[in-house]
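Novice: sequence plus the predicted model coming up.
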Amino acid sequence: MKINCDMGESYGIWKMGNDEQVMPYLDMANIACGMHASDPTVMLSTVRLAKQHKVSIGAHPGYADLQGFGRRNIAMSKDELTALFIYQIGALAAICKSESVPLDYVKPHGALYNTMMKDDQVFVTLLEALKRVDPTLPLVVMAVPNHEKYRALAAEHGISLWFEAFVDRAYDRDGRLVPRHVPGSSYHELDNIRRQARQMIDAGTVTTLDGQTISVHADTLCIHGDGPQALPTAALLRELLPTGAAGGRS
């Protein structure tokens, strides 16, 4: 099980996150591609930072929503969404190529991520777009209880999936993240984060906000790089997963 984190989300002189301190603890860096956050300079510096620490690089495309940090849903046609997705992956892929490092996977951001897990048409649109760009790139999706449905859809398009779980967010009984506006939806105490992470690692389950226990089988655990506990959470997960090896696809 690997550790991933959303990275490179600063913009111009505005700084988001603690990338330099968090990166050494990671296996996978989901690098923003300039639409929900980041800019070309930040993208380049984050790729270089990941390269320095031998961390696998993933494209982190989102809706074109800098003011809302990509957390607001935007209605788009299939062609519009396809173009937006391809554009962002291509931008980061070019920067990776310039630094002689591979682009290893793709993980949608924020509202786009949540929408693809709720709307099969959006999910299939992203699969089709990814297939056109590079069908060898895995797509990171949420480790929901009905994960076989998503695996089957991806297999139809020749795309492999990596399933992720979240150690700093609360779950509902359907295995989805509790919306951020709901009290208790995000964990800020390390004891709570440790408890959820250990349960996911040791038992493959999570306790929902209303006290139910559901199955969560994940390939990777996510840290939100914009959160105040990103650095201690990264150190905590590295402690719990000491054998996790950084690096890209073999």
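Specialist: Received it, and whenever you're ready, just let me know what you need.

Novice: centre-most residue in this protein?
Specialist: Nearest residue to the geometric centre of the chain (C-alpha atoms, centre = their mean): Lys107, 4.8 Å.

Novice: how much space separates it from Met16?
Specialist: For Lys107, the distance to Met16 equals 17 Å [C-beta to C-beta, to the nearest Å]. No exception for glycine: its C-beta is placed from N, CA and C like everyone else's.

Novice: coming back round to it: what strand or helix carries the nearest residue in space to the residue nearest to the centre of the chain that is not next to it in sequence?
Specialist: Excluding the flanking residues, the one nearest Lys107 by C-beta to C-beta, 6 or more residues apart in numbering is Val140, at 3.6 Å. Assigned by DSSP states H and E, Val140 belongs to strand 139-142.

Novice: report the buried residues of the lengthiest helix in the chain.
Specialist: Assignment by DSSP state H gives helix 78-98 as the longest helix of the chain. Across helix 78-98, burial judged by 16 or more other C-beta atoms under 10 Å covers 81-82, 84-85, 88-93, 95-96.

Novice: what packs against that helix?
Specialist: helix 40-52, strand 56-60, helix 120-133 (3 or more C-beta pairs under 8 Å, 6 or more residues apart in numbering; DSSP states H and E).

Novice: switch the cut-off to 10 Å
Specialist: Secondary-structure packing of helix 78-98 (3 or more C-beta pairs under 10 Å, 6 or more residues apart in numbering; DSSP states H and E): strand 28-32, helix 40-52, strand 56-60, strand 105-106, helix 110-118, helix 120-133.

Novice: could I get the ones you listed as a markdown table with mean pLDDT, distance to Ala154 and mean neighbour count?
Specialist: Output for the helices and strands packed on helix 78-98, formatted as a markdown table (pLDDT from 0 to 100; distance: least, C-beta to C-beta, whole Å; neighbours: other C-beta atoms under 10 Å):
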| stretch | mean pLDDT | distance to Ala154 | mean neighbour count |
| --- | --- | --- | --- |
| strand 28-32 | 98 | 18 | 29 |
| helix 40-52 | 98 | 25 | 18 |
| strand 56-60 | 98 | 16 | 28 |
| strand 105-106 | 98 | 12 | 26 |
| helix 110-118 | 95 | 11 | 19 |
| helix 120-133 | 98 | 6 | 18 |
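
Novice: so for Arg72, which of those sits nearest?
Specialist: helix 110-118 (5.7 Å; C-beta to C-beta).

Novice: so how far is that closest one off the chain centroid?
Specialist: The chain centre lies 11 Å from the centre of helix 110-118; the measure is C-alpha atoms, centre = their mean, to the nearest Å.

Novice: and stretch 105-119, by the same measure?
Specialist: Mean-position distance between stretch 105-119 and its chain equals 9 Å (C-alpha atoms, centre = their mean).

Novice: then stretch 132-151?
Specialist: With C-alpha atoms, centre = their mean, you get 12 Å for stretch 132-151.
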